[in-house]
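**Student:** Mind looking at a prediction? Sequence and model below.
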Amino acid sequence: MVREHYHDFGPTLAAEYLAERHDVHISRETLRKLMIEAGLWKDRAARRPRPYQPRYRRDCRGELVQIDGSKHWWFEDRGPQCTLLVYIDDATSELMHLQMVESESTFSYMEATREYIERHGKPVAFYSDQHSVFRNSRASAARGDGMTHFGRALDALNIEIICANSPQAKGRVERANGTLQDRLVKAMRLEGISSIEEANAFLPGYMVRHNARFARPAFDSRDLHRPLALHDDLRAIMVWREQRTVTAALTLHYNKAMFILEPTEIARELVRKRVMVCEYPDGRLEIQHEGHVLPYRQFDKMRQVKQPAIVENRHLDAALLLAKQIQAIAPHHRQRNNNAPARRDQPTHLFPEPEVPAKIDGRRLGGAKLKRGPRLSQAELRARGTLEFVKAR
């Protein structure tokens with residue numbers, strides 16, 4: 001009866017309905033045991049979440065570095081919410097690098113990783129979550145490798161990137177985030193820090209105090225960080241790269257902006273060929289082909305042209321006014337490409353977001369609406385001398 005009618009009920013609820021609807025009186029404990037034997041219920045121990053087995057630490061410093069971004073009110077009510085990028089060594093629990101940024105983005109991780117490598121060298125592997133910076137879950141058929149721009153940069157440096165299946169798998173950095181959200185917030189409160197710039201100047205000294213208390217020696221004293229090779233140019237590797245085709249007019253399109261190549265001998269030979277658009281974390285943009293940097297001019301489709309003046313001709317004046325109102329209501333190219341990188345952490349860049357125009361009522365485009373006047377009586381029409389005119393018509 002329970003299997004037929006109450007297979008997804010708990011023992012207590014099933015016992016109540018058996019007594020109420022079927023006049024079958026049985027204790028809930030007896031029913032619980034019967035349901036467990038029949039496979040309709042699991043005891044509390046069986047329903048516990050799957051335990052995560054502790055993972056042994058790596059043996060050497062620099063063998064595995066866990067990275068994560070922690071979004072928090074780091075300045076409490078003294079400043080905006082921002083993100084702390086945390087790099088912690090798996091073997092020693094040592095904070096290797098901290099950097100405060102506006103948000104987790106490819107450019108913010110590129111800049112933080114560049115500073116990490118310049119200070120410590122290249123680790124064997126980074127261990128991260130499945131954030132879109134590290135893992136491309138929608139690998140296109142054109143690329144096919146599933147690598148992100150950050151992943152390609154690490155691959156060029158011979159650094160492995162490993163993505164964890166769950167937050168528990170990278171518990172070292174998750175616990176460090178919790179500790180920092182308590183201790184670092186209070187330390188910055190005492191120092192009166194309320195901006196990202198002040199925080200980044202404070203963090204190196206704070207890491208020394210934190211590591212003196214929480215870091216531990218590795219099982220193996222070797223440091224597996226590797227120095228940069230002669231061909232490793234970090235500033236040229238930590239770049240967002242996209243390929244584009246040059247048109248016959250020596251132009252190419254990137255992020256809804258048109259770039260016009262200067263008509264040099266090299267540029268003229270690149271018609272219908274692919275070039276590389278390189279966008280740097282500091283906001284610079286270069287167009288390259290086989291190591292050559294091509295000079296260009298930019299025409300941004302999303303920047304509205306400001307009219308210096310409207311001529312006196314009344315027809316042209318009305319036409320321009322109507323065109324401006326239509327553009328404000330249904331603007332063209334109001335958003336950048338969805339697959340473009342987030343640029344909040346770049347100091348400057350070539351792609352400003354357009355201002356959202358004020359909402360305009362489309363019903364007013366044809367001019368002011370005429371309001372109907374009050375209805376006049378015949379006496380009032382006769383007094384105004386308009387009644388005879390109406391009758392004459």
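**Tutor:** Structure received.

**Student:** how's this structure carved up into domains?
**Tutor:** If you go by automatic domain parsing, the domain ranges for the chain are 2-37, 60-223, 239-357.

**Student:** Let me know which of those domains is tucked in deepest.
**Tutor:** With neighbours taken as mean count of other C-beta atoms under 10 Å, the domains of the chain reach their highest mean count in domain 60-223, at a mean of 17. C-beta here means a position set from N, CA and C on the backbone, and glycine is covered the same way.

**Student:** can you put the domains of the chain in CSV and add distance to residue 230?
**Tutor:** Formatted as CSV, the domains of the chain follow (distance: least, C-beta to C-beta, whole Å):
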stretch, distance to residue 230
domain 2-37, 66
domain 60-223, 13
domain 239-357, 16
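
**Student:** secondary structure class for residue 108?
**Tutor:** Secondary structure, DSSP: H, G, I helix; E, B strand; the rest coil: residue 108 is helix.

**Student:** Cross-check the contact I'm expecting between it and residue 102.
**Tutor:** Yes: taking contacts as C-beta atoms under 8 Å, residue 108 lies within contact range of residue 102: 7.5 Å.

**Student:** need the contact list for the residue nearest to residue 75 when sequence neighbours are not counted.
**Tutor:** Excluding the flanking residues, the one nearest residue 75 by C-beta to C-beta, 6 or more residues apart in numbering is residue 194, at 5.0 Å. Residues in contact with residue 194 (C-beta atoms under 8 Å, 6 or more residues apart in numbering) are 75, 78, 79.

**Student:** Check which helix or strand residue 194 maps to.
**Tutor:** Using DSSP states H and E, no element contains residue 194; it sits outside every helix and strand.

**Student:** tell me the pLDDT at residue 380?
**Tutor:** pLDDT recorded at residue 380 is 75.

**Student:** cool, and residue 135?
**Tutor:** We have a pLDDT of 84 for residue 135.

**Student:** Equivalent analysis for residue 323, please.
**Tutor:** 64.

**Student:** And residue 66, by the same measure?
**Tutor:** pLDDT for residue 66: 92.

**Student:** Could you do residue 257 as well?
**Tutor:** pLDDT, residue 257: 87.

**Student:** close enough to count as contact, it and residue 287?
**Tutor:** No: judged on C-beta under 8 Å, residue 257 makes no contact with residue 287 at a distance of 11.9 Å.

**Student:** For the top helix by length along the chain, name the packing helices and strands.
**Tutor:** The longest helix of the chain (DSSP state H) is helix 171-191. Secondary-structure packing of helix 171-191 (3 or more C-beta pairs under 8 Å, 6 or more residues apart in numbering; DSSP states H and E): strand 65-72, strand 82-89, helix 196-214.

**Student:** one more time with 6 Å, if that's ok
**Tutor:** With contacts taken as 3 or more C-beta pairs under 6 Å, 6 or more residues apart in numbering; DSSP states H and E, helix 171-191 sits against strand 65-72, strand 82-89.

**Student:** Touching that helix from outside, list them.
**Tutor:** Contacting residues not belonging to helix 171-191 are listed as 66, 68, 70, 72, 86, 88, 90, 167 [C-beta atoms under 6 Å, 6 or more residues apart in numbering].

**Student:** same question, stretch 203-213
**Tutor:** Stretch 203-213 is contacted by residues 94, 95, 98 when judged by C-beta under 6 Å, 6+ apart.

**Student:** Now tabulate the residues you listed in a markdown table and tack on distance to residue 158, secondary structure and pLDDT.
**Tutor:** Listed next are the contacts of stretch 203-213 as a markdown table, based on distance: C-beta to C-beta, whole Å; DSSP: H, G, I helix; E, B strand; the rest coil; pLDDT from 0 to 100:
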| residue | distance to residue 158 | secondary structure | pLDDT |
| --- | --- | --- | --- |
| 94 | 23 | coil | 94 |
| 95 | 24 | strand | 95 |
| 98 | 25 | strand | 96 |
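
**Student:** would you turn those residues into CSV with distance to residue 219?
**Tutor:** As requested, those are arranged in CSV below (distance: C-beta to C-beta, whole Å):
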residue, distance to residue 219
94, 14
95, 19
98, 25
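
**Student:** hmm, back to that, output the contacts of residue 194 in JSON lines, with pLDDT and secondary structure appended to each entry.
**Tutor:** Shown next, in JSON lines, are these (pLDDT from 0 to 100; DSSP: H, G, I helix; E, B strand; the rest coil):
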{"residue": "75", "pLDDT": "95", "secondary structure": "coil"}
{"residue": "78", "pLDDT": "91", "secondary structure": "coil"}
{"residue": "79", "pLDDT": "91", "secondary structure": "coil"}
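
**Student:** how about the domains of the chain, which one is nearest residue 379?
**Tutor:** Closest approach to residue 379 among the domains of the chain (C-beta to C-beta): domain 239-357, 40.9 Å.

**Student:** now the spatially most central residue of the chain: how far from residue 85?
**Tutor:** Centroid-nearest residue in the chain, with C-alpha atoms, centre = their mean: residue 105, separated by 5.5 Å. Remark: distance between residue 105 and residue 85 (C-beta to C-beta, to the nearest Å) = 10 Å.

**Student:** before we move on, the earlier item: quick one: which of the domains of the chain has the weakest pLDDT on average?
**Tutor:** Minimum mean pLDDT among these: domain 239-357, a mean of 75.

**Student:** before we move on, back to that, could you tell me the angle between the longest helix of the chain and strand 82-89?
**Tutor:** For helix 171-191 against strand 82-89, the angle by axes from the mean of the first three to the mean of the last three C-alpha atoms, to 10 degrees is 130 degrees.

**Student:** How far away from the center of its chain is helix 171-191?
**Tutor:** 23 Å (C-alpha atoms, centre = their mean, to the nearest Å).

**Student:** Extract the C-alpha set from that helix and format it as CSV.
**Tutor:** Taking Å, rounded to 0.1, in the frame of the first residue of the first chain, the C-alpha atoms of helix 171-191 are listed here in CSV:
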residue,chain,number,x,y,z
GLY,A,171,39.6,24.1,0.3
ARG,A,172,43.0,25.6,1.0
VAL,A,173,42.2,28.9,-0.8
GLU,A,174,38.5,28.8,0.3
ARG,A,175,39.6,28.7,3.9
ALA,A,176,42.1,31.4,3.3
ASN,A,177,39.3,33.6,1.8
GLY,A,178,37.3,33.2,5.0
THR,A,179,40.3,34.1,7.2
LEU,A,180,41.0,37.2,5.0
GLN,A,181,37.4,38.3,5.1
ASP,A,182,37.7,38.4,8.9
ARG,A,183,41.3,39.5,9.6
LEU,A,184,42.2,41.6,6.5
VAL,A,185,38.9,43.6,6.7
LYS,A,186,39.7,44.5,10.4
ALA,A,187,43.3,45.4,9.6
MET,A,188,42.3,47.7,6.8
ARG,A,189,39.7,49.3,9.0
LEU,A,190,42.4,50.1,11.6
GLU,A,191,44.6,51.6,8.9
